[in-house]
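A.B. asks: can't give you the sequence, but here's the structure:
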C-alpha cells in the first residue's frame, strides 16, 4: 500500500514541506516555441544546451533538500520538455487541480505525474472548455488570483470560482503580445508575494490596475520591477518560507530589495532555464506548506 502525499497550500510563502520539481533530462527533440521569449531566443541561435538545463534544475533540487524539503520528480517522457511543473497542476488547500493546458504539445506532460497522483486523495479536473495553467494561479491566504490572458480563459476562472467556495477568487487581466519583452504569459511573470506582507510586481503587465493587490499589500510593501527586469523574470522567485526565498543569482537589485525587508536570499544560477520563458516558480509544483 503506497503512502498518501498530504496536500496543504494556502499561500506562496508558508514553510515548504514537499514539492514536485520539473526535470530537463530528455528534451532534445522538443523545440516547441510556445512563448514569444523562447521563440526569440531560438531565432538568435541561443537555445540553451540540455546539459546546462539539467545542471541548473538538479542544483535547485539539492538546495531544496538541504532545507529539509521532500522533492518529487515527474517520470521522464522521451523527447519532451518537462521543466515547468507549475503549469501542469497546482494545489489549493487540500485539493490538487489538474491543469487544462492551452498548447496541445504540452498536454502529455501531465501523465508524467500520474504515479504521484495515485497517492493524492483529493483531485479535480476542469471541464474541456476551461483552460487553466498553474502559472496563472497565485495564492494569498483567503485570495486566489487568477491571471486572464493567453493561457487561462474566463471559463477556467469560473471553474475555480465555483469550486472554491471558501476562497475569494479574483480575475486579473494580463497584457498579451507577440513580443517577449512585453507579453505576460502567466500571472507569475508579473506578480509574486514574498515574505509576510510583501509582493513583487510589474505594473506594466495589466491593462487595468489591479487595485485589490495594492489594497492587500500596500504601496510601501510592493517591490516594483521594470519591463526589462520582468523580461529577465524577476517576479518568478520561489519561497521556501516567509523568511527564505530562492532567487536567480544575477538579480542583484531584487536581492538587495528583499534583504532590506529582512528576507534571506538563497542565490542560484538559473539563467539558462530563463531562456525557455520560465524560472524558479515555473519549475515547481508545491504540495505542502505549513
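C.D. replies: On my side now, so go ahead. Not measured: the values here are computed from a predicted model.

A.B. asks: so who does the closest residue to residue 238 other than its chain neighbours touch?
C.D. replies: Spatial nearest neighbour of residue 238, excluding adjacent residues (Cβ to Cβ, 6 or more residues apart in numbering): residue 280 at 3.9 Å. Glycine gets a C-beta too; all of them are placed from N, C-alpha and C. Contacts for residue 280 (Cβ atoms under 8 Å, 6 or more residues apart in numbering) come out as 60, 236, 237, 238, 246, 247, 248, 268, 270.

A.B. asks: what's the neighbour count on the last one?
C.D. replies: To tie it back to what came earlier, the one meant is residue 270. If you count neighbours by other Cβ atoms under 10 Å, residue 270 ends up with 25.

A.B. asks: all helices in the chain, in order from the N-terminus.
C.D. replies: Taking DSSP state H as the test, the helices found in the chain are 36-43, 50-66, 114-117, 154-163, 211-217, 227-232, 252-260, 271-274.

A.B. asks: Save those helices as CSV, and put in mean pLDDT and distance to residue 107 too.
C.D. replies: Shown next, in CSV, are those (pLDDT from 0 to 100; distance: least, Cβ to Cβ, whole Å):
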stretch, mean pLDDT, distance to residue 107
helix 36-43, 79, 18
helix 50-66, 97, 21
helix 114-117, 93, 13
helix 154-163, 97, 15
helix 211-217, 97, 31
helix 227-232, 96, 27
helix 252-260, 98, 33
helix 271-274, 94, 21
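
A.B. asks: of all those, which lies closest to residue 242?
C.D. replies: helix 252-260 (11.6 Å; Cβ to Cβ).

A.B. asks: for that closest one, which positions count as buried?
C.D. replies: Buried residues in helix 252-260, defined by neighbour count with 16 or more other Cβ atoms under 10 Å: 254, 255, 257, 258.

A.B. asks: Quick one: end-to-end length of stretch 120-131, please.
C.D. replies: Using Cα to Cα, to the nearest Å, one end of stretch 120-131 lies 22 Å from the other.

A.B. asks: chain center to it: distance?
C.D. replies: 18 Å (Cα atoms, centre = their mean, to the nearest Å).

A.B. asks: buried residues in that stretch?
C.D. replies: So stretch 120-131, judged by 16+ other Cβ under 10 Å, has buried residues 120, 126, 130, 131.

A.B. asks: and if you look at stretch 197-210?
C.D. replies: 198, 199, 200, 201, 202, 203, 205, 206, 210.

A.B. asks: contacting residues around the second one?
C.D. replies: With contact taken as Cβ under 8 Å, 6+ apart, residue 199 is in contact with 191, 192, 193, 213, 217, 221, 222, 223.

A.B. asks: do that again at 6 Å, thanks
C.D. replies: 193, 217, 222 (Cβ atoms under 6 Å, 6 or more residues apart in numbering).

A.B. asks: what's next to the helix or strand of the chain with the lowest mean pLDDT, contact-wise?
C.D. replies: Using mean pLDDT, DSSP states H and E, helix 36-43 stands out as the lowest-scoring helix or strand of the chain, at a mean of 79. With contacts defined as Cβ under 6 Å, 6+ apart, helix 36-43 is touched by 33, 178, 179, 180, 183, 275, 276, 277.

A.B. asks: Make a markdown table out of these and add pLDDT, distance to residue 227 and neighbour count.
C.D. replies: Converted to a markdown table, the contacts of helix 36-43 look like this (pLDDT from 0 to 100; distance: Cβ to Cβ, whole Å; neighbours: other Cβ atoms under 10 Å):
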| residue | pLDDT | distance to residue 227 | neighbour count |
| --- | --- | --- | --- |
| 33 | 67 | 21 | 15 |
| 178 | 81 | 15 | 8 |
| 179 | 81 | 11 | 11 |
| 180 | 73 | 11 | 16 |
| 183 | 86 | 11 | 20 |
| 275 | 91 | 18 | 18 |
| 276 | 90 | 19 | 24 |
| 277 | 89 | 15 | 23 |
